[in-house]
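Enquirer: need a 3D model of the sequence below.
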Amino acid sequence: AGMKVVLDTNALVSGLLSPFGTCGEIVRLLVAGGITLCVDARILLEYEEVLRRPKFKLSARRREQVLDYIRGASEVHAALPLRHALPDPDDAPFLEVALAAGAAGVITGNLKHYPARCREGLRVFSPAEFVEYFRRNR
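Expert: Residues are numbered from 1 along each chain as shown. Coordinates of the predicted model:
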């Protein structure tokens, strides 16, 4: 099994839309088994909801392929509420699942959504920071 991580929705979508960018590299690590996504029902619902947005122009077939793959390849974890609320409560599931899973961290394109005081000791990576971390620690 690969290194356990939680992938924020923005990083997942970016990886699907820009396969040659840094987030695309993270999606390739996922497919190659280098990383294992950790999710819960809330995260899967958010992935689905965001991938449905017309602006991303994903065909229904492609969207379902992606979601089916993620459902089949991810670890589902039951998470506990955070001790310190995040600025946006919608971001909480990502940290909560990472804590429950003992994940290496959360990968996000929006580091400011996860202030240090709310992280409960968990690492929060930008996509580039994670790729570097993965290379050094695999």
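
Enquirer: grab the most central residue of this protein for me.
Expert: When CA atoms, centre = their mean is applied to the chain, the residue found nearest the centroid is Leu7 (0.8 Å).

Enquirer: all helices of the protein, in order?
Expert: For the chain, the helices defined by DSSP state H occupy 9-17, 22-32, 41-51, 60-73, 92-101, 127-137.

Enquirer: so which of those helices is the most surrounded?
Expert: helix 92-101 (a mean of 23; mean count of other CB atoms under 10 Å). Yep, even glycine has a C-beta here, placed from its N, CA and C like the rest.

Enquirer: tabulate the helices of the chain (TSV), appending mean pLDDT and distance to Ala1.
Expert: Converted to TSV, the helices of the chain look like this (pLDDT from 0 to 100; distance: least, CB to CB, whole Å):
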stretch	mean pLDDT	distance to Ala1
helix 9-17	94	19
helix 22-32	94	12
helix 41-51	96	18
helix 60-73	94	10
helix 92-101	96	11
helix 127-137	96	14
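
Enquirer: tabulate these (a markdown table), appending distance to Leu80.
Expert: Below are the helices of the chain laid out as a markdown table (distance: least, CB to CB, whole Å):
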| stretch | distance to Leu80 |
| --- | --- |
| helix 9-17 | 21 |
| helix 22-32 | 25 |
| helix 41-51 | 13 |
| helix 60-73 | 23 |
| helix 92-101 | 6 |
| helix 127-137 | 24 |
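
Enquirer: figure out which of these is closest to Thr108.
Expert: helix 9-17 (5.9 Å; CB to CB).

Enquirer: please work out the angle formed by the directions of that closest one and helix 127-137.
Expert: 80 degrees (axes from the mean of the first three to the mean of the last three CA atoms, to 10 degrees).

Enquirer: oh, and call the first residue 20 from now on, that's how I've got it
Expert: All set: I'll call the first residue 20, so the last point we hit is now helix 28-36.

Enquirer: sounds good, over and out.
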